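J.: Pasting a predicted model and its sequence here:
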Amino acid sequence: MFFDEEIVFFKESFNNKEDAIKKLADEFYKKGLVKDTFFQAVVDREEGYPTGLNVNGIGVAIPHTDSAHIIKPQIGFMTLKEPVIFKDMVDSQNEIKVNTIFMLGLAKSEQQVQILQKLMDLFQSEVLLKEITACKNIDEFKEIMKKANIN
């Protein structure tokens with residue numbers, strides 16, 4: 001359900017987090033999943049409420065925004081060749097070198113809470129986290145998401 005549109009990219013290259021977010025947000029928009037306000041809303045939210053996390057030395061980010069910008073629920077995924085800088089979710093004074101991004105486009109706040117919890121569970125599994133950062137194709141990705149009970 002959350003990966004129906006297969007907004008998944010591997011080993012992309014960007015100069016900064018905004019460019020990475022834009023690539024994902026544009027794909028959401030092209031597929032009719034979000035309103036034209038989505039990208040800017042994600043960037044604005046990221047400024048006030050950063051989503052970068054350092055999980056056992058692996059930088060991940062979960063950019064998202066309010067459901068007002070969502071038409072149909074979806075999750076996007078991207079790995080990066082070289083990390084980009086996100087601010088730390090826990091302490092916005094810290095910077096995190098992120099190379100794995102999960103972008104959430106969820107229509108209901110309870111979905112957001114549920115998916116965030118499942119992602120945190122995934123991040124706590126060293127095996128699954130390493131698998132997700134190393135995966136190279138959509139089939140591998142979907143299999144890992146299934147193992148993590150996110151689909």
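T.: Perfect, I can see it now.
J.: how far out from the middle of the chain is the strand ranked longest in the chain?
T.: Across the chain, the strand with the greatest residue count (assigned by DSSP state E) is strand 74-87. Computed by Cα atoms, centre = their mean, to the nearest Å, the chain-centroid distance of strand 74-87 equals 7 Å.
J.: Extract the CA atoms of the one helix or strand residue 97 maps to and return them as CSV.
T.: In this structure, residue 97 is located in strand 95-105 according to DSSP states H and E. Taking C-alpha atoms only, strand 95-105 is exported to CSV below (Å, rounded to 0.1, in the frame of the first residue of the first chain):
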residue,chain,number,x,y,z
GLU,A,95,24.4,17.8,11.9
ILE,A,96,23.9,14.3,10.6
LYS,A,97,25.5,12.9,7.4
VAL,A,98,22.5,11.2,5.8
ASN,A,99,22.7,8.6,3.1
THR,A,100,19.3,6.9,3.6
ILE,A,101,16.0,8.9,3.3
PHE,A,102,12.4,7.7,3.9
MET,A,103,10.0,10.5,2.8
LEU,A,104,6.5,10.1,4.3
GLY,A,105,3.4,11.3,2.5
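J.: which stretches of the chain have low pLDDT?
T.: In the predicted model, the chain carries pLDDT under 70 at residues 1.
J.: quick one, helices of it?
T.: 17-30, 38-48, 109-124, 126-134, 138-147 (DSSP state H).
J.: packing partners for the longest one?
T.: Translated: helix 109-124. Counting contacts by 3 or more Cβ pairs under 8 Å, 6 or more residues apart in numbering; DSSP states H and E, helix 109-124 packs against strand 52-55, strand 95-105, helix 126-134. Glycine gets a C-beta too; all of them are placed from N, C-alpha and C.
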